[in-house]
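Colleague: structure, please.
(one chain, ligands or ions: 1)
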Amino acid sequence: MYFQPGESMTNTSLYALVTGASKGLGKAFALELAAMKKNLILVSLPGEGLEEQSKELRAEYGIDVVFYETDFLKNENIEKLGSWINENYSLEILINNAGIGGSCSFTETSAEYLETIIRLNIAAPTLLLHQLLPNLLQRDKAWVLNVASMACFTPIGFKTIYPASKRFLQHFSAGLREELRGTGVSISCVYPGPMKTNNTVSTRIERYGIWGRMILLTPQEVASKSIHKMFKNKKNIVLGWPNKIYRFMMTRFPPGLVLKVATRAVKKELIREKEQTP
Ligand SMILES: NC(=O)c1ccc[n+]([C@@H]2O[C@H](COP(=O)([O-])OP(=O)(O)OC[C@H]3O[C@@H](n4cnc5c(N)ncnc54)[C@H](OP(=O)(O)O)[C@@H]3O)[C@@H](O)[C@H]2O)c1
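Modeller: I've put the predicted structure just below:
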């Protein structure tokens, strides 16, 4: 389902597209861009309240907000979304935010979950950007922000697929940025640390106690700082000094040691979760 204003075929205004815009970090990105008076294209799964959210943003900020509901697990849906945007809207910003995480023993993980995370964290942002790049290249200046994670700076057992999927985004962003040098399109990649965006993540952060609270940023802080750095054409965006120290340590400590420590921490967390599950 999508909303399209009547005159959109002749719409010459510029738009910012946010995926996963109905909640969490995606919603914070949408709010931040609305406050900057950017017209928005909001994308989410069906039935997540985008119609109401779009109305509210239109009324509050006096911008145009359109929405599109789709499931990124099917490649054809991404193609349809890309064509709809290219036929109707001039894009200046793409925020590839939709993505999922999680911890689980690989042997106990279902094939369905593996496919979901690979499609959502790797295939969807790549295919969407591939579809929309010709549109972005028509601007004198355009920006792309891919949302990775601090988890991508080391492999982690019992997470395995999540850090690897976000590492893909890091390399993809850096390679494409270089390829697009000399064009108006700037590619940035942000590496958020923990944010309380949903119950599962919030419970996990609480379990880390004071350390969890120290490295915590709100989705609003992450969205606001990331967007400002994206406009400054930063290649890699790491936010807050605890995350910067963490990243520095990742590059200085022996990778084998970091992998062992990180894996042990996640394994402990999973055991504790199992013990606490009734
Ligand atoms: N939370 C953290 O601590 C944390 C830390 C580092 C990085 N990140 C990254 O930040 C981004 C946003 O995370 P979040 O915590 O705000 O999200 P979340 O609450 O975990 O929700 C998952 C996100 O993926 C979208 N999504 C899920 N399944 C989808 C599907 N089949 N098709 C299309 N979209 C789908 C959702 O969008 P809709 O519901 O709007 O459709 C939502 O934006 C993700 O890329 C995540 O990996 C999060």
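Colleague: quick one: mean pLDDT for whichever strand or helix holds residue 124?
Modeller: Here residue 124 sits within helix 124-136, counting by DSSP states H and E. The average pLDDT within helix 124-136 is 98.
Colleague: buried stuff in that helix?
Modeller: 124, 125, 126, 127, 128, 129, 131, 132, 133, 135, 136 (16 or more other C-beta atoms under 10 Å). In this view, the C-beta of every residue, glycine as well, is placed from N, C-alpha and C.
Colleague: cool, stretch 186-206 as well?
Modeller: So, applying 16+ other C-beta under 10 Å, buried residues of stretch 186-206: 186-197, 204-205.
Colleague: need the nearest residue in space to residue 233, chain neighbours excluded.
Modeller: In space, residue 233 comes closest to residue 186 once its chain neighbours are excluded; the distance is 4.7 Å by C-beta to C-beta, 6 or more residues apart in numbering.
Colleague: after the helix or strand where the one you found lies, which helix or strand is next?
Modeller: Assigned by DSSP H and E, residue 186 belongs to strand 185-190. As assigned by DSSP H and E, the chain's next helix or strand after strand 185-190 is helix 199-207.
Colleague: quick one: contacts of that next one?
Modeller: Applying C-beta atoms under 8 Å, 6 or more residues apart in numbering, the contact partners of helix 199-207 are 101, 102, 194, 195, 196, 212, 213, 216, 269, 272.
Colleague: phi and psi next, for the fifth one.
Modeller: The one in question is residue 196. Residue 196 adopts backbone torsions of phi -80, psi 80, taken as degrees, to the nearest 10.
Colleague: quick one: contacts for it?
Modeller: So residue 196 contacts 202, 205, 216, 218, 219 (C-beta under 8 Å, 6+ apart).
Colleague: what does the average pLDDT come to for the strand holding residue 186?
Modeller: For strand 185-190, the mean confidence score works out to 98.
Colleague: helix, strand or coil: sort out the closest residue to residue 48 other than its chain neighbours for me.
Modeller: In space, and not counting its chain neighbours, residue 48 is closest to residue 22: 3.6 Å by C-beta to C-beta, 6+ apart. Following DSSP: H, G, I helix; E, B strand; the rest coil, residue 22 is assigned to coil.
Colleague: wait, residue 22 sits on residue 46?
Modeller: No. Using C-beta atoms under 8 Å, residue 22 is not in contact with residue 46; the gap is 10.1 Å.
Colleague: residues in contact with the residue in the stretch 151-278 of the chain that the ligand sits nearest to?
Modeller: Here the stretch 151-278 of the chain gets closest to the ligand at one residue, residue 197, 3.3 Å apart by C-beta to the nearest ligand atom. Residue 197 sits next to 23, 24, 25, 219 when contact means C-beta under 8 Å, 6+ apart.
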